[in-house]
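>>> how would this look folded up:
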Amino acid sequence: MSFAQTLNSLMENRGITAYKMGKDTKISDRLIGYWKSGDKLPNAENLIIIAKYFGTSIDYLLTGFEHINETNIRLTADEEKLLFLYNKLPLDSKSRILERAETLVELAAERAAQEAEKATKEKKKTAEKSEPIIVAPAADEESDQDEAFYIDLCDLPASAGTGVYLSEGYTEPLQIKRTAIAERANYAVRVSGNSMETKFYDGDIVLVETCPYVEVGEIGIFIVNDEGFIKKRGEDRLISLNPQCDDVIIHEYDTVYCRGRVLGKAEFVE
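Numbering: from 1, shown residues only. Below is the predicted model:
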């Protein structure tokens with residue numbers, strides 16, 4: 001990457017104009033324009049000023065690579081923007097960001113382990129089906145076995161109202177009907193409250209797919225300041241489907257975690 005490309009990328013990602021950069025660094029915005037177009041290169045003195053201004057190295061300015069422990073690591077535009085925003089945060093907020101990042105990594109690892117375990121079970125099931133059957137069960141018994149499915153049910157509910165603490169440490173096995181949704185789910189939660197009517201009602205058991213993030217408009221299980229909710233994700237709030245119930249507004253210093261995507265209601269074997 002050329003110096004002009006690197007400079008343009010840094011300025012664009014951080015929303016900095018040539019006029020602003022010139023005002024901040026006391027360098028002529030006309031000269032900055034020459035650098036951006038690739039018509040000229042800065043001298044050593046100006047390179048030092050630019051590197052300090054953007055908080056990067058001269059290596060990065062000239063090559064587009066950071067030299068770290070003798071290994072060139074190329075930062076993407078997203079990584080660069082994240083680093084820039086992180087460096088602007090106060091120390092306590094940086095700690096919270098690191099905690100959330102660690103949680104996301106743990107959830108991703110947990111999800112990968114669950115997917116691997118599920119794939120192993122499917123492989124074993126396929127192998128078992130290919131083996132000869134010595135004694136076939138009765139028709140009714142075989143039907144019940146095919147339909148039976150066990151999933152972990154959280155001990156405490158996710159609130160569709162004012163919020164309750166959602167514990168992931170205590171679960172009990174729940175027998176439900178085997179469906180495509182049930183096989184995707186990682187655990188189940190009982191709904192408490194009426195704010196998600198008419199889609200989910202008080203006492204319904206919903207199936208949840210573990211994931212650290214859901215899109216705006218999707219329904220998920222969220223923990224806000226240690227209280228569990230089943231809500232639809234909005235831009236700045238968790239939305240209640242029942243118009244008579246309040247949304248949960250997310251404030252700047254609230255601690256918010258996503259514990260999964262709600263796939264639908266559990267069905268039971270009759």
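>>> Run through the stretch 101-250 of the chain and note the low-pLDDT ranges.
127-146, 155-170 (pLDDT under 70).
>>> residue boundaries of the helices in it?
139-147, 180-184 (DSSP state H, counting those that start in this stretch).
>>> Ile27 and Val105: what is the separation?
For Ile27, the distance to Val105 equals 41 Å [Cβ to Cβ, to the nearest Å]. Every residue, glycine included, has its C-beta placed from N, CA and C.
>>> Gly203 reaches Val191, doesn't it?
Yes: using Cβ atoms under 8 Å, Gly203 is in contact with Val191, at 6.6 Å.
>>> more crowded one of those two?
Neighbours per residue (other Cβ atoms under 10 Å) separate Gly203 from Val191, with Val191 holding more: 24 against 10.
>>> What count of nearby residues applies to the spatially closest residue to that one that is not a sequence neighbour?
Leaving aside its sequence neighbours, Val191 sits nearest to Asp204 (Cβ to Cβ, 6 or more residues apart in numbering; 4.5 Å). As a burial measure, Asp204 scores 19 neighbours (other Cβ under 10 Å).
>>> do the same with Leu85
11.
>>> what's the helix or strand for it?
Of the helices and strands defined by DSSP states H and E, Leu85 is found in helix 77-88.
>>> That helix - contacts with which helices or strands?
Contacts defined by 3 or more Cβ pairs under 8 Å, 6 or more residues apart in numbering; DSSP states H and E place helix 77-88 against helix 3-14.
>>> quick one: average confidence on the helix or strand immediately after the helix it packs on in the chain?
The helix or strand immediately downstream of helix 3-14 is helix 18-25, counting by DSSP H and E. Averaged over helix 18-25, pLDDT sits at 92.
>>> just stretch 48-61 next, same as before
Mean predicted lDDT for stretch 48-61 stands at 89.
>>> Ends of that stretch, what's the gap?
10 Å (Cα to Cα, to the nearest Å).
>>> what residue lies at the spatial centre of the chain?
Tyr213 (3.2 Å; Cα atoms, centre = their mean).
>>> residue contacts, Val208?
Ala185, Asn186, Tyr187, Ala188, Val189, Ile221, Arg259, Gly260, Arg261, Val262, Leu263 (Cβ atoms under 8 Å, 6 or more residues apart in numbering).
>>> For it, which non-adjacent residue is closest in space?
With Cβ to Cβ, 6+ apart, the residue lying closest to Val208 is Gly260, at 4.0 Å.
>>> just checking, the residue nearest to Val191 touches Lys265?
Yes: the pair Asp204 / Lys265 is scored as a contact, 5.5 Å apart, by Cβ under 8 Å.
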